[in-house]
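Participant: build me a model:
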Amino acid sequence: MNPSLQRVTEPFLHLHNVSRNLAVPGFFWQTKRAETPLFSHLSLRMARHERVGLVGASGCGKSSLLRILLAMDAPDGGDVFCDGKPVRPGSARSLREYRQRVQYIPQDPAGSLPPNQTVWQIIAEPLKRLGFQGELHSRVTQVMAQVGLPETLRHRAAGELSGGQAQRVAIARALAVRPEFLIADEPVSGLDLPLREQIKQLLQQVTQQNGMGLLMVTHDISMVAGLCERLLVMHEGEIIEDAQTQDALLSPRHPHTRQLLAAVPHLPLIVNG
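Facilitator: Numbering: from 1, shown residues only. All right, here's what the predicted structure looks like:
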């Protein structure tokens, strides 16, 4: 049995026997589309307040898994649950509760932010869409302060922001509706080293302060070290490593994990709680 199934008895997010197939180019006379499995019967449980790092090289299946977890794509087999309730792609109304409870931080914040909208408009948008009942101005001001965005940026267009500012806006947008869990896809991609560390520390701070869970999806194992308590390594469609981060860094079980660690000369061995 997958160790995570034994360790986490009451999951907040639960993927059960999830499969995803990819279409394979075939001959024009074939009547049935040829498919090959990207991953099969994959199960994963994540607790409500758990910080989890999912590491894997490009093409290993983590992006497809992420889309299924975000209810953007339906699995070809298996089920996804949030707090025991099934989650599948559907209408905005059917996914309203899920979108409030689970928020997404994209890989390319600058590309995901409407360039002509202001910082205030971007952060306020999910609050309006999900029917926020409080005072909108106060909530936007509060969440901007939480991620270290100065008030002077309130009316700045997204297209005029630096990379670090854009990522903070993306995080603020995700935090605005007070989610219970964040899913971050390569959240420091394209940022220089000092900004990478700032965003890493910010994610640690906001998850701890708000009691939120986090799934960090990345190809960089150094981003997980020092931030996530649990490390998953995905390789060729399988979770080959699932352990407490400290244990995985000190005593990796799989040769591919050892290769990933060997490529990073210096890793923090203490995960801050």
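
Participant: what's downstream of the helix or strand where Arg67 lies, the next helix or strand?
Facilitator: Counting by DSSP states H and E, the element that carries Arg67 is helix 62-69. Where DSSP H and E defines the elements, the next helix or strand beyond helix 62-69 is strand 77-82.

Participant: surely Ser19 touches Ala74?
Facilitator: No - with contact defined as Cβ atoms under 8 Å, Ser19 does not count as touching Ala74 (10.9 Å). (C-beta placed from N, C-alpha, C; glycine too.)

Participant: report the separation between Arg258 and Asp220.
Facilitator: Counting by Cβ to Cβ, to the nearest Å, the separation of Arg258 from Asp220 is 16 Å.

Participant: next one: phi and psi at Leu42?
Facilitator: With angles defined as degrees, to the nearest 10, Leu42 sits at phi -90, psi 130.

Participant: ok, now which ones touch it?
Facilitator: Residues in contact with Leu42, defined by Cβ atoms under 8 Å, 6 or more residues apart in numbering, are Leu15, Asn17, Val18, Ser19, Leu65, Gly78, Gly237, Glu238, Ile239.

Participant: look at it and report its pLDDT.
Facilitator: Leu42 carries a pLDDT score of 95 in this model.

Participant: the chain should start at 24 in everything you say after this.
Facilitator: Let's use 24 as the start, then, which means that last one is Leu65.

Participant: and Gln231, how many neighbours?
Facilitator: 14 (other Cβ atoms under 10 Å).

Participant: now it: which helix or strand?
Facilitator: Assigned by DSSP H and E, Gln231 belongs to helix 216-233.

Participant: and the next element down the chain from that helix?
Facilitator: The helix or strand immediately downstream of helix 216-233 is strand 236-241, counting by DSSP H and E.

Participant: can you list the strands that that following strand pairs with?
Facilitator: Strand pairing for strand 236-241, determined by DSSP bridges: strand 74-78 (parallel), strand 204-208 (parallel).

Participant: take the ones you listed and write them to a markdown table, including mean neighbour count and mean pLDDT.
Facilitator: Listed next are those as a markdown table, based on neighbours: other Cβ atoms under 10 Å; pLDDT from 0 to 100:
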| stretch | mean neighbour count | mean pLDDT |
| --- | --- | --- |
| strand 74-78 | 26 | 96 |
| strand 204-208 | 23 | 96 |
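
Participant: I'd like to know which of the ones you listed lies nearest to Ala168.
Facilitator: For these, distance to Ala168 was read as Cβ to Cβ. The smallest value, 18.3 Å, belongs to strand 204-208.

Participant: tell me the angle the closest one makes with helix 216-233.
Facilitator: Orientation of strand 204-208 against helix 216-233 (axes from the mean of the first three to the mean of the last three Cα atoms, to 10 degrees) gives an angle of 170 degrees.

Participant: dump strand 204-208 to PDB, restricted to CA.
Facilitator: The C-alpha trace of strand 204-208 is given here as PDB (Å, rounded to 0.1, in the frame of the first residue of the first chain):
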ATOM      1  CA  PHE A 204      -5.800  24.600   0.200                       C
ATOM      2  CA  LEU A 205      -3.400  26.100  -2.400                       C
ATOM      3  CA  ILE A 206      -2.100  24.400  -5.500                       C
ATOM      4  CA  ALA A 207       1.000  26.100  -6.900                       C
ATOM      5  CA  ASP A 208       2.400  25.200 -10.300                       C
END
